[in-house]
Structure formats: structure tokens, C-alpha cells
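1. Predicted coordinates and the sequence they were generated for:
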Amino acid sequence: MARGGWRPASMFIAAVMLVGGCVTTSTAPPVPVSVPAAGVEKPAVVAPARAPSAAGYYYFTLYHLHRQRRQFDRAAAFLEKAIAADPESAYLKVELASMLLKAGKIGAARQLCEDALVAAPDYLPARMVLGGIYSALDKPRLAAEQYEHVLAADPENDDAALFLASLYVNLLEYEKAIAVLENLRTRRPDHPMPSFYLGRIYSELKLYQKAEKLYLEVLELEPDFADALHELGLIYEYTRQPERAVEVYRRLLADRPDDPRVLERLGQLYIATGDTAAALELFEKLHELDPDSVSVEVKLALIHFQLGSYDRAHEILAPLHGRFPAQDRITYYYASTLEARGEREAAMEQFLTIPADSDFYYDARVRTAFLHEGMKAYDAAAEIIRQLIDAYPDKPALYRMLASLEEKRGTPAAGVAMLREALEKFPDNYDLTFALGAQLHTAGDTLAGIAVMQELLQRNPDDATVLNFIGYTYVELGTQLDDAEKLIQRALLLKPDSGFIVDSLGWLYYVRGEYERARETLLRAVALVDGDPVIFEHLGDTCRALGRDAEAAEHYRRSLELRPDDGVAEKLRRLEPE
């Protein structure tokens, strides 16, 4: 099934038959080894099978003797002789079929079981084995018919019920599967497996509340049932309850600290919830358990990349790229580490090797355009984006990139025209509309830009970015400062930890002449965003207004370190005359 939570019946049954004992005497249901079936197994109701004849019994005795000695080839030879002496014995044929299955001779085993049922159509062990064979041969309908026959003769056969329910699921006959499992659940309230498989069905049907309830019932019966805990963790992931999922996976790891399945799930959750350091610890353990796993190495590299450890990510990916130069995913991540390390030319070279039919081609070309932009090769960057627009005409983000490049080239009016054209194609696109408002402001048509942003505010009154944009623009214009403060304060309520919004508020105080209040607010903005040149420039202006020249100079220097700017450099020169 889709998420890998439900294993096909053929996998369960074939595994039982091919690695288990004699199928005719032990047809165990698909119960995980860590979770024994509750209660004492009741012997299956078996239609009487004629005992081997005297001649057949002699060879049958020799078969058992050699089987006990684990001389399986000789045992099978004597069993074949027993069948030759007694060709009507269904019991002997099913016994040999079981041996042949263990040897991988599934076709011959199937023929023996079918022959056995011709002689004894009500011999249920033959139907149980044949059902497993049909499942292994991917013939679920024929397999289901065998188990239906068994249940009709023996309604309390738990094994047949579990196998049949599994087959119904794989045939997408969920109602039948649920009916079989509910009946078994009613008969065997102390047995965890019916509820467990019902939970899997409901999970597959995305009826997560029902599935959760069933898994919790299972865990009341078997608190250490690892598969049930794992499925419950998945339910919490699907229903966006990461804290509860983490709790379940930690509980699993307490008993199974080296379970790679749980380590990976929990590691992925830590990444999703922002606990990258904890994720790194788990994936490093996964790497220790399986040092040859390429997927784990790639994940480790990505975690280091996310943590800003670009050199360590590069150390992992460089040899992987050497081993697998044709794997586009590894090439893309390797190129990304080169870009992050400032090796632009090398990064671009790698990005350009990714072919057009790759899933990573689009992102690789976009990164190449950004690399050209970083080198101020705006024409080359724009040409790449235009090529992407031809190849991907339904991606509005490309038009925003192209408009941004026009702004960088000093032609924001051309960017405005590009965005208006894009909005004719994507009239309701929110991001394009926002980009248009910002570009109008850059092009000098500030009031038109504000009007566009106010239109967005009608569509989404709680967009903190739009609220901040309008408020900050009013501050820059030195007009409607009371309205500006209301807008910025509303934005802060929505995003109280946004350093850029805090900066807008601090700059508002500066424009009003409230310099101490401005300095206090801007220092908070710097603490939230320690890498924006404009915030440091604002703080420098504020400190200069307060007569704190040394502090102002320090902030101007920090601004210039982040981005060279003639205006800021001039302010610094005035504070530090030669």
C-alpha cells in the first residue's frame, strides 16, 4: 500500500511458508516476533485425511527420520516414494509441498496442493498452503478463495481470518476486510492482531481517529508492541501532532535504541520541528549502524548544511559525488556546498551538469542564475530565467525573479512592466501582486505601490509583511505616522520576533525624534537580525543623533561590512575626519 505501513498478504504468507516449519502443522498468523498471539492457539479444524497406506507409511517413517537429521534432500526423496506408493494421500502431498516451498520450488508445490484438493477437497491444510502459494504468485483473488473456503468450514480459524483480511485490503475490498477483522476481534478480544490490522486499514483510509483508538487498544493488551507504537507515531505525524509522535518514537527507542526505522523517523521529526542538533545525533548513530548507507550520508550532509557547517557537508558530499557522479541529487547538494563555501565557478560548473530531464534541473538552473546575479552578471542571469520561463511557463516565481533582476540592473520600470504582464497570466497570484507593489515603490511610484499593498490587505488583513511594508513606507515618507504606528504594531502582534518589523518601529521613533526609544528598539532589532545592513545604518543614525559618535561609527562600520554603500561610507567619514 501507499505509505508502506501495510505489508501485502503475500509477503506475510510467503515469509511464513518459506522460513517457517512444516506448514501443515504450524500455519502461524502474521504476528511480529516481539508480540506473541494472546492465549493458547486452538488446533485448526481439519477435515479427516486418510493416513498413508502401509507401503506409504514405511517411506513416510524414513522421511521423518532423515528430516530430523536435517538431511532434507534424502527426506524429500523418501516422501516422493511415499506418494508414489500412496498417490491418493492428500496429507503426504501437502507435506511434500511444504518441503518444496522451503526449497523455493513454488510451482511444484502448487501442483501438489491442487492435486491434493482433487482427492480431498475439504482438506483444510492444503487450502491454507495453497492460499499462501497463490499470494506469493500475486494471485490474491485465488488466494482469497482458499481462505474463504477454510473459514466456511472452520469459522474460528484465526490464521485464515488474518490472511483473508490482508488479501481483501490488497484487493481494495476494505469493507470485507473490516468485517472479517471485526468478527475476529469480537471472538478474540484478548488478541491484539485484529485491532492492529483494523488500525492499519483505517489509517490507509485516512480515518486517523479510528486508527489511533485501535492502536491504543492494542497497546493496552501489548504495551511493548513495537509495530503498533510505530504506526501510532505515524498517525500523530499525519495528524500534525509532532510532539506526540516524538514521545512515541522516544518510547520505542528506549527499548530498541538501534532500530534504524525509528531513528530515521525521529530524526526527520527533529528536522521538521527545528531541532537540527538532535536530528544530527540520531543520523550519526544511523551512520554508525550502517556506514555504507548513501541515503544516511546524504542526510547527514544536509543536516550539517542546515546548521551552517558547510565544510563538513562538503567533506561528506565530495567523495559521494566522486563515487556517484551521475546521481543528480548528490551533484545538486554537492554544488550547493560549493556555493555556500564561496566557490561560485565550481558550483556553477556542477549545477550545469544536471540534465534537463532531471528532477533537480529546475532548481539547479535557478541556483545558476543566482550565482550569475551574485557576480553582477545580470544579463546572463536574466537569460537563464527567460529560458526557464519558456520551459516552465506556469511557474509565476520565475517572473518575480526576472523583475528582481531588472531592479538590480537599475531598470525597475522594466520590472514593473514584467510583473504586470505576469499578472495578466496569473491574475490572482498573491506573491506577484506583492512583488508589483514593492517594485512600484522602488521605481519611484510609491503611492501606487501602497495602493497595491492596500489591495492585498483587503485580501489578507493579517499579512504582517504587508502591514509592515505600508507602515514603513509611511515612515520613509514622513507622513501618516500615527497610521504607520498602528500598522507596524499590528504586524508585531502577528510576528513579535521579526527583527525587520522591530526595525520599522525603531525607525518610526527616530523620525518622530524619540531617539532614546528608537535606540532601545533598534538594539532589539539587531539582536533578532544580526546581519541586515539597513538596521545597522538606522542604529548608527540614531546614535549619531544622541551624540554617541563612537557607537554610531561602530554601527556604520558593521553596515559597510555587510554591504558596501557610498551613503553609509560618507556618514562614517563625517564621524571620523582625517
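-> On my side now, so go ahead.

2. burial count for residue 275?
-> When neighbours are counted by other CB atoms under 10 Å, residue 275 registers 15. Heads up, the C-betas are built off the backbone N, CA and C, glycines and all.

3. just residue 76 next, same as before
-> 20.

4. What sits closest to it if chain neighbours are left out?
-> Spatial nearest neighbour of residue 76, excluding adjacent residues (CB to CB, 6 or more residues apart in numbering): residue 99 at 5.2 Å.

5. What's the first helix or strand after the helix or strand hosting the one you found?
-> For residue 99, the host element (DSSP states H and E) is helix 90-102. Once the chain leaves helix 90-102, the next helix or strand it forms, by DSSP H and E, is helix 106-119.

6. ranges for the strands of the stretch 251-400 of the chain?
-> Remark: no strands are assigned in the stretch 251-400 of the chain by DSSP state E, counting those that start in this stretch.

7. Next, the angle from the helix holding residue 99 to helix 106-119.
-> Angle of helix 90-102 versus helix 106-119, following axes from the mean of the first three to the mean of the last three CA atoms, to 10 degrees, is 170 degrees.

8. any low-confidence regions in the stretch 451-578 of the chain?
-> Scanning the stretch 451-578 of the chain for pLDDT under 70 picks out the ranges 577-578.

9. need the contact list for residue 265.
-> 230, 233-234, 237, 245, 249 (CB atoms under 8 Å, 6 or more residues apart in numbering).

10. Between the residues you listed, identify the one with the most neighbours.
-> residue 249 (29 neighbours).

11. And residue 52, what's its pLDDT?
-> Looking at residue 52, its pLDDT stands at 67.

12. And residue 172, by the same measure?
-> For residue 172, pLDDT reads 93.

13. how many other residues sit next to it?
-> Around residue 172 there are 10 residues (other CB under 10 Å).

14. Let me know the helix or strand that it is in.
-> Assigned by DSSP H and E, residue 172 falls outside every helix and strand.

15. nearest spatial neighbour of residue 280, skipping sequence neighbours?
-> Nearest one to residue 280, counting by CB to CB, 6+ apart, is residue 303 at 4.8 Å.

16. distance of the one you found from residue 523?
-> Residue 303 sits 33 Å away from residue 523, going by CB to CB, to the nearest Å.

17. Could you check which of those two has the larger neighbour count?
-> residue 303 (24 against 16).

18. contacting residues for that one?
-> So residue 303 contacts 271, 276, 279-280, 283 (CB under 8 Å, 6+ apart).

19. Quick check: pLDDT value at the residue nearest to residue 76.
-> 88.

20. List the residues that contact it.
-> By CB under 8 Å, 6+ apart, the neighbours of residue 99 are 72, 75-76, 79.

21. Mind picking the one among the residues you listed that's closest to residue 294?
-> Of all these, residue 72 has the smallest distance to residue 294: 38.5 Å, by CB to CB.

22. Any idea how many residues pack against the closest one?
-> Neighbour tally, residue 72, other CB under 10 Å: 13.

23. which residues sit in contact with it?
-> Neighbours of residue 72 in contact, by CB under 8 Å, 6+ apart: 66, 99, 102-103.

24. Looking at it now. What's its pLDDT?
-> Looking at residue 72, the pLDDT reads 84.

25. Among the contacts of residue 99, which pair sits farthest apart?
-> 72 and 79 (10.1 Å).

26. For this protein, which residue occupies the most central location?
-> Central residue of the chain (CA atoms, centre = their mean): residue 268, 7.3 Å from the mean position.

27. tell me the contacts of that residue?
-> With CB under 8 Å, 6+ apart, residue 268 has these contacts: residue 279.

28. What does the pLDDT read for it?
-> 92.

29. what separates residue 246 from residue 144, distance-wise?
-> Counting by CB to CB - residue 246 and residue 144 are separated by 39 Å.

30. Not including adjacent chain positions, what is the nearest residue to residue 405?
-> According to CB to CB, 6+ apart, the nearest residue to residue 405 is residue 382 (4.9 Å).

31. Contact partners for the one you found?
-> Contacts of residue 382 by CB under 8 Å, 6+ apart are 369, 402, 405-406, 409.

32. Which of those residues ranks first by neighbour count?
-> Ranking these using other CB under 10 Å puts residue 369 first, with 27 neighbours.

33. what about it, distance to residue 557?
-> As judged by CB to CB, residue 369 and residue 557 stand 32 Å apart.

34. next one: residue 112
-> Residue 112 is 88 Å from residue 557, by CB to CB.

35. okay, these two: which has more neighbours?
-> residue 112 (27 against 16).

36. contacting residues around residue 232?
-> Going by CB under 8 Å, 6+ apart, residue 232 touches 212, 215-216, 219, 248.

37. C-terminal to the lowest-mean-pLDDT helix or strand in the chain, which secondary structure element comes first?
-> The least trusted helix or strand in the chain, going by mean pLDDT, DSSP states H and E, turns out to be helix 9-19, with a mean of 35. Per DSSP H and E, the first helix or strand lying C-terminal to helix 9-19 is helix 54-68.

38. helices or strands next to that next one in the packing?
-> helix 72-85, helix 90-102 (3 or more CB pairs under 8 Å, 6 or more residues apart in numbering; DSSP states H and E).

39. Out of those helices, which is the most enclosed?
-> helix 90-102 (a mean of 25; mean count of other CB atoms under 10 Å).

40. ranges for the strands of the stretch 101-250 of the chain?
-> Under DSSP E, counting those that start in this stretch, the stretch 101-250 of the chain gives no strands.

41. Please enumerate the helices of it.
-> 106-119, 124-136, 140-153, 158-170, 174-187, 192-204, 208-221, 226-238, 242-255 (DSSP state H, counting those that start in this stretch).

42. I'd like these as CSV, with distance to residue 312 appended.
-> CSV is the format used below for the helices of the stretch 101-250 of the chain (distance: least, CB to CB, whole Å):
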stretch, distance to residue 312
helix 106-119, 49
helix 124-136, 46
helix 140-153, 49
helix 158-170, 44
helix 174-187, 48
helix 192-204, 38
helix 208-221, 38
helix 226-238, 28
helix 242-255, 25
